[in-house]
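Participant: structure for the following, please:
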Amino acid sequence: MTAVDLVTGGCGFIGRHLVQSIIATGRSVRVLDCGDPRGLSADAEYRRGSILDAAALSSAMVGIARVYHLAGDAHLWAPERGALARVNAEGTERLLAAAPPAARVVHCSTEAVLLTGFRDAARVRDGDLPSLDRMAGPYTRSKCLAEQAAFAAAQAGRDVVIASPTVPIGPDDWNMTPPAAMLALFLTGQTPFFLDCTLNLVDVRDVAEGLRLVGEKGQAGQRYVLGGENVPLRQLLSRLERMTGRRMPSMALPGSLAMAVAIVAEWFADHISHRSPVAVREGVRLALRSTPFDHSKARRELGYEPRPIDEALALAVAWLTERSVPRADVAAPARSTGFAS
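Facilitator: Numbering: from 1, shown residues only. Just a heads-up that it's a prediction; the model follows:
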């Protein structure tokens, strides 16, 4: 019987590339997602459903050998405060309980849980899970709780491994994830300001390949950072200016002022607009805690080799420029910069 892999969130930006990467190895792929299957490989079996739907989750697990868990909510603000914990933390717990006992589970987390603000200038490597009280806000707390569940399952003897992508970029990001929203914000000239930080940018195709390698070679109970190139945001803006000929923001906001803007913006979103604010406190905290990442463990143990970021950046810029993203599409706050206006 042909081996079948399940990808939750397989219609997402990373998910679609992962599905294609797995199919290229000859394995069959089933996708469980409540999102738009646009761009999903025709060779994948698509099932519409949520990881919070017990029946849909149970049905999707039948005959599965590996589970790649990508489904989640990457927003830093939600009108309903419990949404992030329900999807990211409770959803992961439900998935772990529903997965076949013998199946390998690759839990896709985020580099953001490693940005605790209590470190020196050394690069962030794969280490123990930081404590919940060191998280930057609701999003990272929900992802930290999800990781705790994944690590607990591994300690109990389950074949669970954790992958932590950094900031993926590339074309065809139809869901406008935070990195795409950040680029669109700068390309459309909607802010003269930026909050200086260091981003670890990675080609989304390399993240997909890295996740597949984690599924094939990763050690249970371990975390692998899937990163690319450490780029100061000021340098990224210079690259974008040279690439596009468009003037990029040149004024760096002090962290205290960015936080003040975020506090006001969140209050307005919570009480007046009920729409995504232009800045969020958690995003500012993450930007202020930003530091370079090290993916040498993934390179050493998995053979993970990310390519230079220039091609993915150029492709993302070309796609966003051609699409002429309207303001409504970039309203979600850019997690990696912490500030958008």
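Participant: quick check, pLDDT for residue 327.
Facilitator: Looking at residue 327, its pLDDT is 41.
Participant: do the same with residue 117
Facilitator: We have a pLDDT of 78 for residue 117.
Participant: burial count for it?
Facilitator: The local packing of residue 117 (other CB atoms under 10 Å) involves 13 other residues. For glycine as for every other residue, the C-beta is placed from the backbone atoms N, C-alpha and C.
Participant: equivalent analysis for residue 42, please.
Facilitator: Neighbours of residue 42 under the rule other CB under 10 Å: 7.
Participant: quick one: contacts for the residue nearest the centre of the chain?
Facilitator: When CA atoms, centre = their mean is applied to the chain, the residue found nearest the centroid is residue 110 (5.6 Å). For residue 110, the contact set (CB atoms under 8 Å, 6 or more residues apart in numbering) comprises 74, 140, 143, 164, 165.
Participant: quick check: phi and psi at it.
Facilitator: Dihedral angles of residue 110 (phi, psi; degrees, to the nearest 10) stand at phi -150, psi 150.
Participant: ok, it to residue 317 distance?
Facilitator: Separation of residue 110 from residue 317 (CB to CB, to the nearest Å): 24 Å.
Participant: contacts only, for residue 290.
Facilitator: Contacts here follow CB under 8 Å, 6+ apart; on that basis residue 290 touches 115, 197, 198, 199, 336.
Participant: check residue 161 too.
Facilitator: Applying CB under 8 Å, 6+ apart, the residues near residue 161 are 104-107, 154, 214-215, 218-224.
Participant: with residue 64 instead?
Facilitator: Residue 64 makes contact with 4, 5, 6, 30, 99, 100, 103, according to CB under 8 Å, 6+ apart.
Participant: try residue 307
Facilitator: Counting by CB under 8 Å, 6+ apart, residue 307 has contacts 203, 206, 228.
Participant: doesn't it fall inside a strand?
Facilitator: No: going by DSSP: H, G, I helix; E, B strand; the rest coil, the assignment for residue 307 is coil, not a strand.
Participant: in a markdown table, list the contacts of residue 110 along with neighbour count, distance to residue 272 and secondary structure.
Facilitator: Formatted as a markdown table, these follow (neighbours: other CB atoms under 10 Å; distance: CB to CB, whole Å; DSSP: H, G, I helix; E, B strand; the rest coil):
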| residue | neighbour count | distance to residue 272 | secondary structure |
| --- | --- | --- | --- |
| 74 | 20 | 24 | coil |
| 140 | 26 | 26 | helix |
| 143 | 27 | 28 | helix |
| 164 | 26 | 36 | strand |
| 165 | 25 | 34 | strand |
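Participant: quick check: the two most widely separated of the residues you listed?
Facilitator: Using CB to CB, the two most remote members of those are 140 and 165, lying 14.4 Å apart.
Participant: in what helix or strand does residue 258 lie?
Facilitator: Residue 258 belongs to helix 255-268 when elements are defined using DSSP states H and E.
Participant: now swap in residue 26 and tell me
Facilitator: Per DSSP H and E, there is no helix or strand for residue 26.
Participant: distance check, it against residue 211.
Facilitator: 17 Å.
Participant: neighbour-wise, which of these two wins?
Facilitator: The residue with more neighbours, out of residue 26 and residue 211, is residue 211; 27 against 8, by other CB under 10 Å.
Participant: per-residue confidence at that one?
Facilitator: pLDDT, read off for residue 211, is 98.
Participant: does it touch residue 68 like I think?
Facilitator: Yes: between residue 211 and residue 68 there is a contact under CB atoms under 8 Å: 6.1 Å.
Participant: shared neighbours of these two, anything?
Facilitator: Common contacts of residue 211 and residue 68, defined by CB under 8 Å, 6+ apart, comprise 18, 106, 108.
Participant: of the residues you listed, which is the most crowded?
Facilitator: Per-residue neighbour counts (other CB under 10 Å) across those peak at residue 18, which has 30 neighbours.
Participant: tell me how far that residue lies from residue 88.
Facilitator: 18 Å.
Participant: what's the pLDDT at residue 128?
Facilitator: Taking residue 128 on its own, its pLDDT is 64.
Participant: quick one, strands of the chain?
Facilitator: Applying DSSP state E to the chain gives strands spanning 4-8, 28-33, 45-48, 66-69, 104-108, 160-165, 167-169, 193-194, 198-203, 223-226, 229-232, 251-252.
Participant: nearest to residue 301, of the ones you listed?
Facilitator: Closest of the strands of the chain to residue 301 is strand 223-226, at 7.4 Å (criterion: CB to CB).
Participant: pull the residues that contact the closest one.
Facilitator: 109, 111, 114, 124-127, 129, 147, 161-166, 202, 206-207, 210-211, 214, 218, 293-295, 297-298, 301-302, 304, 306.
Participant: which entries within these meet the buried criterion?
Facilitator: Buried members of the contacts of strand 223-226, scored by 16 or more other CB atoms under 10 Å, are 109, 111, 114, 124, 126, 147, 161-166, 202, 206-207, 210-211, 214, 218, 293-295, 297-298, 301-302, 304, 306.
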